[in-house]
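*Asks:* model the structure of this input:
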Amino acid sequence: QLQVVESGGGLVQPGGSLRLSCAVSGFTLDSYVIGWFRQAPGKEREGVSCISRRGNNINYSDSVKGRFTISRDNTKNTAYLQMNSLKPEDTAIYFCAAHRGYVCYLGANDYDYWGQGTQVTVSS
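*Replies:* Reported below is the predicted structural model:
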């Protein structure tokens, strides 16, 4: 059974950092592109970052570029999202997703497998 599980969310003050993890089971991570998405209350789901199978192609949304870093460790079947210089507008539920293509897209419709999400709240 294919499963995607996010962890690492929480409450952090503005300017702080968090690292999200995305653990997959039931499939090998190196056969999938991984994307991170977020959804704030009342807003549509937004693509934040994605990373290709071997990590040689990475994209970021303009809103997080320079602050967030995506990575993956295929040997551990886990991907990560390092989030630095967090702002209140980063507050959202963050989702990890996977698709069996080769291209790193930030469109949610391209992804087949989704986790349940982890809440990130940036507030003083």
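*Asks:* any idea what the residue nearest to the spatial centre of the chain is bridged to?
*Replies:* What sits nearest the mean C-alpha location of the chain, by CA atoms, centre = their mean, is residue 36, with 2.4 Å. Here residue 36 sits in beta bridges with residue 49, residue 96, going by DSSP bridges.
*Asks:* quick check: it vs residue 124, distance?
*Replies:* 24 Å (CB to CB, to the nearest Å). Placement of C-beta: from N, CA and C, glycine included.
*Asks:* same check on residue 51?
*Replies:* From residue 51 across to residue 124, the span is 31 Å (CB to CB).
*Asks:* neighbour count winner among those two?
*Replies:* Shown here are residue 51 and residue 124; by other CB atoms under 10 Å, residue 51 has more neighbours (23 against 8).
*Asks:* who's in contact with that one?
*Replies:* The contact partners of residue 51, taken as CB atoms under 8 Å, 6 or more residues apart in numbering, are 33-35, 57-58, 70-72, 79, 104.
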